[in-house]
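Asks: here's my sequence, what's the structure:
(one chain, ligands or ions: 2)
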Amino acid sequence: MKVLIVGGGGREHAIAYAVSKSPKVDKIYCAPGNAGIAGIAECVDIQVMDFEEIGKFAKKTAVDLVIVGPDDPLAAGIVDVLKGYGLKVFGPDGKAAILEGSKAFSKDLMKKFNIPTAAYEVFDKADKALAYLEKAKFPIVLKADGLALGKGVLICNTLEEAKAGVQEIMLDKKFGIAGNRMVIEEYMTGREVSVLTFCDGKTIKVMSSAQDHKRAGDGDTGLNTGGMGTFSPSPFYTAKIDEYCRKNIYKPTVEAMAEEGRPFKGVIFFGLMLTDDGPKVLEFNARFGDPEAQVVLPRMKNDIIDVMLACVDGTLGKVKLEFEDNAAVCVMLASNGYPGKYERGFVIQGLDKFEDKDGYYVFHSGTKKTGKGIVTNGGRVLGVTAKGDSLKEARTRAYEAVEWIDFENKYYRHDIGKAIDEA
Ligand code: AMP
Ligand code: GLY
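Replies: Residues are numbered from 1 along each chain as shown. Ligands and ions are numbered 1, 2, ... in the order given. Below you'll find the predicted structure:
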């Protein structure tokens, strides 16, 4: 089989790695890919929003399966366009990707189908939102309706902060048209868990859980980022919680989408908060998480191609998803300054050290091949993942491997997986 992966980050590298292990696959393309992905796939210089070029390329090279990684092309309907080219595509169509693309849609869906989530209101006028805040309890959470590179969520402690937030989102349009509408919701407390699932439109299969670390600094300080590190499984996601979520959250969500005429095929990522009143949905994503994919996929026993084809063909009910009985930890190596301003173009040393080491992985996020060698080319540069028999062992190994890599302005959190000590 020939497979084309759309995207060029750590998530797509982890997907490409899983695909490369399938005996069914003899050629992998990636658009646009990156310097790490280039080690296992042929990278083609087409950007993820260039749907027609992707379609033409896939058709010309007779690709058997296209896998779409990132949220932006999914929400903009890449799957519909590629299907128009007669291609087989893993990922939700535009009608289903709205589950991530509009927070107002997803909140209304949860309310309609009794899926536990924070209480909320939707606003499409700033004056109504401001009036609502006058009577609200704080802290409170403001969310731009649309996609905002993971930055459209503001947690506000005071009325003043919240008013400034409404100004930024709805009036100053800091997140562009994503802020034409907004959700204001109740602030929840508890532990966060990321649960990735495969869906074929009617059946949902749950992958092993994970936990992300979204803030830039140690001790959960600093700005929100795309994710600074992950561990899998989450020791706080117990069998009892899993059973509750399957019954009250996962199954109702796929059924709700089907009932709304938006059958979801692909990955639904449930961002959950384990509150004192039980697990509640923080958000849905319509794709693998990044860096969740970097700890979950290396632990998956199935041939990923079998699972993805079953999602596309509607036969997921026959698949038994299996994960290794171990753990994995991923530490993101970033450029100093991220998620603010940072420099790029620094040569990366030590990547070769991963080549012959079982259970250690380096997934590239923002890298580029140049005449000088592979250089940094983004805020998040590399995800260093290690597996171990236990979370603690995986964590020790991941931090060991972090030292193998060297580049100027290397920055990382030192406390990824610290929470497991409390488990
Ligand atoms: P989201 O993009 O919706 O996942 O939001 C980003 C982060 O904001 C989440 O991972 C949470 O840490 C936080 N967050 C979002 N919604 C809430 C909420 N209702 N209560 C508390 N924290 C929240
Ligand atoms: N790690 C969070 C996300 O992929 O959105």
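
Asks: around ligand 2, pick out the residues from the protein.
Replies: 150, 212, 227, 285, 289, 290, 292 (CB under 6 Å from any ligand atom). Backbone N, C-alpha and C define where each C-beta goes, glycine included.

Asks: let's have these in TSV, adding secondary structure, pLDDT and neighbour count.
Replies: As requested, those are exported to TSV (DSSP: H, G, I helix; E, B strand; the rest coil; pLDDT from 0 to 100; neighbours: other CB atoms under 10 Å):
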residue	secondary structure	pLDDT	neighbour count
150	coil	74	16
212	strand	97	24
227	coil	95	24
285	strand	96	22
289	coil	97	22
290	coil	96	31
292	helix	98	28
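
Asks: pick out the most distant pair among the residues you listed.
Replies: Largest separation among the residues of the chain next to ligand 2 by CB to CB: 150 and 292, giving 12.7 Å.

Asks: which residue does the chain have closest to ligand 1?
Replies: Of all residues in the chain, residue 283 sits closest to ligand 1, with a separation of 3.4 Å (CB to the nearest ligand atom).

Asks: tell me the contacts of the residue nearest the centre of the chain?
Replies: Residue closest to the average C-alpha location in the chain (CA atoms, centre = their mean): residue 289, at 1.7 Å. Neighbouring residues of residue 289 by CB atoms under 8 Å, 6 or more residues apart in numbering: 11, 194, 196, 210, 212, 227, 230, 269.

Asks: my guess is residue 17 meets residue 361, correct?
Replies: Yes. Between residue 17 and residue 361 there is a contact under CB atoms under 8 Å: 7.1 Å.

Asks: need the residues touching each of these two.
Replies: With CB under 8 Å, 6+ apart, residue 17 and residue 361 have common neighbours residue 298.

Asks: how about stretch 248-257: buried residues?
Replies: Neighbour counts using 16 or more other CB atoms under 10 Å place 248, 249, 250, 252, 253, 254, 256, 257 of stretch 248-257 among the buried residues.

Asks: now flag whichever of those is closest to residue 86.
Replies: residue 257 (24.8 Å).

Asks: name the residues that touch the host helix or strand of the closest one?
Replies: Assigned by DSSP states H and E, residue 257 belongs to helix 251-259. Helix 251-259 has contacts (CB under 8 Å, 6+ apart) with 96, 99, 109, 112-115, 199, 201-204, 263-264, 268, 270, 284.

Asks: please save the CA atoms from it in PDB.
Replies: Extracted as PDB, the C-alpha positions of helix 251-259 are listed here (Å, rounded to 0.1, in the frame of the first residue of the first chain):
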ATOM      1  CA  LYS A 251     -20.800   6.200  23.300                       C
ATOM      2  CA  PRO A 252     -23.300   9.100  23.600                       C
ATOM      3  CA  THR A 253     -20.900  11.400  21.600                       C
ATOM      4  CA  VAL A 254     -20.600   9.100  18.600                       C
ATOM      5  CA  GLU A 255     -24.300   8.300  18.700                       C
ATOM      6  CA  ALA A 256     -25.200  12.000  19.000                       C
ATOM      7  CA  MET A 257     -23.000  12.900  16.000                       C
ATOM      8  CA  ALA A 258     -24.700  10.100  13.900                       C
ATOM      9  CA  GLU A 259     -28.100  11.300  15.000                       C
END
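
Asks: quick check: next helix or strand after it?
Replies: Next element after helix 251-259 (DSSP H and E): strand 265-275.

Asks: show me what that following strand is packed up against.
Replies: Helices and strands touching strand 265-275, by 3 or more CB pairs under 8 Å, 6 or more residues apart in numbering; DSSP states H and E, are helix 94-101, strand 191-200, helix 239-245, helix 251-259, strand 278-285, helix 304-313.

Asks: and the ones you listed as CSV, adding distance to residue 47?
Replies: Formatted as CSV, these follow (distance: least, CB to CB, whole Å):
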stretch, distance to residue 47
helix 94-101, 18
strand 191-200, 25
helix 239-245, 36
helix 251-259, 29
strand 278-285, 21
helix 304-313, 23
